[in-house]
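S.K.: Have a look; sequence and predicted model below, questions after that.
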2 protein chains.
Amino acid sequence: MSVTRDMTYHRLVTSETTLAQRKRQLVADELTEAALPLLAEKGYDRVTVDEIVAAAGVSRRTFFRYFASKEDVVVQFLADMGTGIRAELAARPARERPSVALRHAVWVPIAACAGHGDRAVRVVRLILDTPALFARFLERRARWRDDLAAELAGRLGLDPDTDLYPELAAGTALAAFDAVLRRWVGSDGAEDPGPLTERAFAVVAPALDGRRR
Amino acid sequence: MSVTRDMTYHRLVTSETTLAQRKRQLVADELTEAALPLLAEKGYDRVTVDEIVAAAGVSRRTFFRYFASKEDVVVQFLADMGTGIRAELAARPARERPSVALRHAVWVPIAACAGHGDRAVRVVRLILDTPALFARFLERRARWRDDLAAELAGRLGLDPDTDLYPELAAGTALAAFDAVLRRWVGSDGAEDPGPLTERAFAVVAPALDGRRR
DNA sequence: CCTGCCGTGGCACTGAGTGTCAATTGCTTC
DNA sequence: GAAGCAATTGACACTCAGTGCCACGGCAGG
């Protein structure tokens, strides 16, 4: 990206993020803040990009400099979650049972949702109910699975090309994630996702911890 | 759809499918036959719908009467597979272990792919490598999961609103499906999907057959 | 003051997808 | 065989997402 090259020397480093980066984040937030209420109220495909940019007060062209597609304005926040999940798995103790380590990894995005209350419920519902958004979400999820599988293979010293276990375990853990997410949004955020997650992993754990590889 | 109402009385019923339906299938096949080589060779997003219809000898407008989107010309065949999977699960003996019944259900689309040889390899590779197609594929897959979960709940007498098991089992079985499909296409169709499927379900079975619900 | 850099807006263009209508085809009925 | 009827098709126009290009304006440093 080569965001900043020369500026970095004299100023900041104090805040870990560049001024330009923060300005960029500001505009991106402005866009999403303008978009989400519109999309939630009228429905995804009944809102045009022109309406969004009009509400945000920027030009149409600028929108596509911040988001690669109309879908991304809703879904992009999932991107960094992927790294968060993998990081959590990497941070778990090496000898911890896979079912426990994976449960903590998957808990990262669930906690992020639960922490944002009704706001997150509305966004997730929008995603799950809009085919185009749901498809993008599943695409990201597939990348999460690959990340988790790679991390698992590394932690267990397995060859991911030979052994089916890593991607099966990752896929199974994310199946649990799906179930929890759906229940949670199905209850309008009322049901506590913590016990839900434990119940889901109780069902799935025998496959994750089983000795048969 | 109300395809035919009056005609059905006097003619056919012999072939179980209407003449109009077969004609429709003929045009649809013509389109896919024209599209797949083009897409496989040049890459999905470097082929326009205009090129496809030119190769097939129909108008652009007709294309969209047969396929709701450009993606569907590649992915549509997955739609009927969904019913096939569920039907297979419904046809399995009632007391068969879930891991076995689900393995047979998931074997339906795998066998369909394996039966079509190199042709299927190319299509599946195209789908897995093209983000837009992959996303659509995952969307279908999610519907498979819902179908399987509903069927499982029925067969086991579980309440799908209370019990997490049905959708977890369905999701886990499809995680196995994913792994097998990826290995199979990764080996250019050389690896036998049969043993692969058995290995995958051997890993996953403890969760599918476990008593902890 | 000038100069190079960057973010932005405006504009034109491609390509997917849809509504509408007129022409055509095929099949029934008189 | 001719008129009528339903369904399919092709052509045209239109909306909207997404992209390339260029010109304008602020803002740094010399």
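M.R.: The structure has been received and is ready for your questions.
S.K.: continuing past the strand or helix carrying residue A:27, what's the next helix or strand?
M.R.: Assigned by DSSP states H and E, residue A:27 belongs to helix A:19-42. Tracing the chain C-terminally past helix A:19-42 and defining elements by DSSP H and E, one meets helix A:49-56 next.
S.K.: Can you mark which positions in the next helix-or-strand element following that next one are buried?
M.R.: The first helix or strand that comes after helix A:49-56 along the chain, using DSSP H and E, is helix A:60-66. Using 16 or more other CB atoms under 10 Å in any protein chain shown as the burial criterion, the residues of helix A:60-66 that qualify are A:63, A:66. Where C-beta positions appear, they are placed from N, C-alpha and C, glycine not excepted.
S.K.: so, in contact with DNA strand C or not, the helix or strand just after helix A:60-66?
M.R.: Tracing the chain past helix A:60-66, the next element assigned as helix or strand by DSSP H and E is helix A:72-75. No. Using CB under 7 Å from any atom of the strand, helix A:72-75 stays clear of DNA strand C, with a minimum separation of 14.8 Å.
S.K.: What is helix A:72-75 packed up against?
M.R.: Under the contact criterion of 3 or more CB pairs under 8 Å, 6 or more residues apart in numbering or on different chains; DSSP states H and E, the helices and strands touching helix A:72-75 comprise helix A:19-42, helix A:117-129, helix A:131-156.
S.K.: Could you dump these into a markdown table with distance to residue B:46, mean neighbour count and mean pLDDT added?
M.R.: Formatted as a markdown table, the entries for the helices and strands packed on helix A:72-75 read as follows, by distance: least, CB to CB, whole Å; neighbours: other CB atoms under 10 Å in any protein chain shown; pLDDT from 0 to 100:
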| stretch | distance to residue B:46 | mean neighbour count | mean pLDDT |
| --- | --- | --- | --- |
| helix A:19-42 | 30 | 15 | 92 |
| helix A:117-129 | 29 | 16 | 95 |
| helix A:131-156 | 20 | 20 | 97 |
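S.K.: show me the contacts for residue A:111.
M.R.: With contacts defined as CB atoms under 8 Å, 6 or more residues apart in numbering or on different chains, residue A:111 is in contact with residue A:193.
S.K.: From DNA strand C, how far out is residue A:68?
M.R.: Residue A:68 sits 14 Å away from DNA strand C when distances are taken as CB to the nearest atom of the strand, to the nearest Å.
S.K.: sorry, back to before: out of the helices and strands packed on helix A:72-75, the one nearest residue A:50 is which?
M.R.: helix A:19-42 (11.2 Å; CB to CB).
S.K.: thinking again about what came up before, mind putting the helices and strands packed on helix A:72-75 into TSV with distance to chain B?
M.R.: As requested, the helices and strands packed on helix A:72-75 are arranged in TSV below (distance: least, CB to the nearest CB, whole Å):
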stretch	distance to chain B
helix A:19-42	19
helix A:117-129	10
helix A:131-156	4
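S.K.: Can you say which of these is nearest to DNA strand C?
M.R.: helix A:19-42 (4.7 Å; CB to the nearest atom of the strand).
S.K.: Against which helices or strands is the closest one packed?
M.R.: helix A:49-56, helix A:60-66, helix A:72-75, helix A:117-129.
S.K.: Ok, which of those helices comes nearest residue B:131?
M.R.: Closest to residue B:131 of the helices and strands packed on helix A:19-42 is helix A:72-75 (CB to CB; 12.4 Å).
S.K.: ok, residues contacting the closest one?
M.R.: Contacts with helix A:72-75, where a contact means CB under 8 Å, 6+ apart, come from A:31-32, A:35-36, A:39, A:44, A:52, A:63, A:67, A:123, A:126-127, A:133, A:136-137, A:140.
S.K.: nearest spatial neighbour of the most centrally placed residue in chain A, skipping sequence neighbours?
M.R.: For chain A, the residue lying nearest the average C-alpha position, counting by CA atoms, centre = their mean, turns out to be residue A:78 (2.8 Å). Once its chain neighbours are removed from consideration, residue A:78 has its nearest residue in residue A:140; the separation is 4.6 Å (CB to CB, 6 or more residues apart in numbering or on different chains).
S.K.: Could you verify my assumption that the one you found touches residue A:82?
M.R.: Yes. Proximity of residue A:140 to residue A:82 meets the contact threshold set by CB atoms under 8 Å, at 6.6 Å.
S.K.: any chance of the helices and strands packed on helix A:72-75 in TSV, with distance to residue B:112 too?
M.R.: As requested, those are arranged in TSV below (distance: least, CB to CB, whole Å):
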stretch	distance to residue B:112
helix A:19-42	38
helix A:117-129	29
helix A:131-156	22
